[in-house]
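Peer 1: below are the sequence and a predicted model for it; my questions follow.
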Amino acid sequence: MSGNWKSVKLKDITSKIGSGATPRGGKNAYKKSGISLVRSLNVYNFKFEKKDLAYIDAEQAERLSNVVLEENDILLNITGASVARCTIVPNDILPARVNQHVSIIRVKKSIADPYFVLYAINSNYYKHRLLTLAQGGATREALTKEMIENFEIQLPPLPVQQKIASILSTYDYLIENNNRRITILEEMAQKFYREWFVKFRFPGYEKVKIVESELGLIPEGWEIYPANKLFEINIGKTPPRKQKEWFSKKLLDIKWVSIKDMGKAGVFILDTNEKITQKGIEKFNIKIVPKNTVILSFKLTVGKVAIVPEDMVTNEAIAHFNQNSQFKVPNSYTYAYLRNFKYQILGNTSSIGNALNSKIIKSMLFLYPEKTILEKFDILMTPLFRSIFTMEKRNQNLQEQRDLLLPKLILGKINIEKMENV
């Protein structure tokens, strides 16, 4: 590290550190539109999740006037399982406030670059220190205002900060650009699905009669089947956690999908936190999920849908919709159906935290269209899903490159004068 880097406390380079509150009445007090209220479920490392963004009215916002978000504010989760997750507020949700689980870190731009500070907090070195602090509490994981204020990072001169932030943010720009393209392709896939299988405007629909069924009106000749007739439904399994020898991170062992992996995945599961050894799979008779199979979470976080691009295994909270030889339902249709008709699953549970059981999953009703329509839909969807996979794989590579550079740049172990942007 260069001699002109210095150790600073966050309170010395910020004009504000503080969290907000939840309006009286909790979730029932949220509005359909208005001023954004950022919660911990919106904040991920390097990413802001706009899904389920809450809104409050002007009167509620006035009571939170001390936590008004500004451009380039850093958001840091300070309680619970998501503690220490960190990102920058996106401009398009402003004006906004934060609740009590999220802290604002507003750096003094004359001293520090907000993106440099963000990358520092999200680097493994500093993230580990934050998590250690958070886990030191007596009752739950939490970061206090005092902990954040006194948290120390190494800070180079401002031009060096800006150069490091520019190098790293180029990766994030490319990732975000790919994410926008993925979103467009996903929306196209769902639009085609709804057009063909919800509005029933499929090729040749004008000549087909509409008849009553268990799921309402459907085209004549189409069928309604329970899931276990169309698919071989399998459920995953977790080896005993006390015996760590069943778990692995080695390249040759098989990826093991958990709910956490489902939560962070896009359309495809590209990586997992853990793997299961071949001996563990054999000993506990864990079902292999064949390549390109659609999987569905039905416990804890209910209704997450993804595709495995290679053979994998899962835990017991995830169901596998394996093709069977009689019906051979295209995976593109299975994925779109489960995404679009998630209410069938969630309708059986009063809370996202509640669990369903395999019986409910197996009895879930599926619309089975006429075979030639399914084949035409799969031909239409295949290039879309192929493009999505390519971009998700590209993003994975970009993230790996960024994460390799991140600790070296943030700790001053690379001479940035010799580096060019991506």
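Peer 2: Received, thanks. Everything numeric here is computed off the predicted structure, so don't read it as measured data.
Peer 1: can I see the domain layout of the protein?
Peer 2: As given by automatic domain parsing, the domain ranges for the chain are 6-156, 157-188+370-422, 223-368.
Peer 1: would you turn the ones you listed into TSV with mean pLDDT?
Peer 2: Putting these into TSV (pLDDT from 0 to 100) gives the following:
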stretch	mean pLDDT
domain 6-156	92
domain 157-188+370-422	91
domain 223-368	88
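Peer 1: what's the closest of the ones you listed to G216?
Peer 2: Shortest separation from G216 across these is recorded for domain 223-368, at 9.8 Å, computed as Cβ to Cβ. C-beta: built from backbone N, CA, C; applies to glycine.
Peer 1: tell me which of the domains of the chain lies nearest to K207.
Peer 2: Put simply, out of the domains of the chain the one that sits nearest K207 is domain 157-188+370-422, at 11.9 Å, with distance taken as Cβ to Cβ.
Peer 1: the closest one: how far from the chain's middle?
Peer 2: Taking Cα atoms, centre = their mean, to the nearest Å, the mean C-alpha location of domain 157-188+370-422 is offset from the chain mean by 14 Å.
Peer 1: sorry, back to before: now the domains of the chain in CSV, with distance to E212 and mean neighbour count?
Peer 2: As requested, the domains of the chain are exported to CSV (distance: least, Cβ to Cβ, whole Å; neighbours: other Cβ atoms under 10 Å):
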stretch, distance to E212, mean neighbour count
domain 6-156, 34, 17
domain 157-188+370-422, 17, 16
domain 223-368, 11, 18
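Peer 1: with distance to G204 added, can I get these in CSV?
Peer 2: Listed next are the domains of the chain as CSV, based on distance: least, Cβ to Cβ, whole Å:
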stretch, distance to G204
domain 6-156, 36
domain 157-188+370-422, 8
domain 223-368, 17
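Peer 1: so which of those domains gets nearest F202?
Peer 2: Nearest to F202, of all those, is domain 157-188+370-422, at 5.3 Å by Cβ to Cβ.
Peer 1: I'd say V257 and V308 touch.
Peer 2: Yes. Distance between V257 and V308: 7.2 Å, which falls inside the contact criterion (Cβ atoms under 8 Å).
Peer 1: now do the shared contacts for those two.
Peer 2: When Cβ atoms under 8 Å, 6 or more residues apart in numbering defines a contact, the residues bordering V257 and V308 alike are I269, V289, I295.
Peer 1: so the last one touches I318, yeah?
Peer 2: Yes. With contacts defined as Cβ under 8 Å, I295 counts as touching I318 at a distance of 5.3 Å.
Peer 1: what touches both of the two?
Peer 2: V257, M262.
Peer 1: about what we covered before: in strands, which of the shared contacts of V257 and V308 appear?
Peer 2: Secondary structure assignment (DSSP state E) places I295 from the shared contacts of V257 and V308 within strands.
Peer 1: re the thing from before, closest one to F197 among the domains of the chain?
Peer 2: Ranking these by proximity to F197 (Cβ to Cβ) places domain 223-368 first, at 6.4 Å.
Peer 1: and of the domains of the chain, who's closest to K199?
Peer 2: When the domains of the chain are ranked by proximity to K199, the top entry is domain 223-368, at 11.8 Å, counting by Cβ to Cβ.
Peer 1: mind listing the helices for the stretch 151-300 of the chain?
Peer 2: Remark: helices of the stretch 151-300 of the chain, listed N- to C-terminal, are 158-197, 227-230, 259-264, 278-283; assignment by DSSP state H, counting those that start in this stretch.
Peer 1: and these as TSV, adding distance to E71?
Peer 2: Formatted as TSV, the entries for the helices of the stretch 151-300 of the chain read as follows, by distance: least, Cβ to Cβ, whole Å:
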stretch	distance to E71
helix 158-197	15
helix 227-230	48
helix 259-264	27
helix 278-283	49
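Peer 1: fine, thanks again, bye for now.
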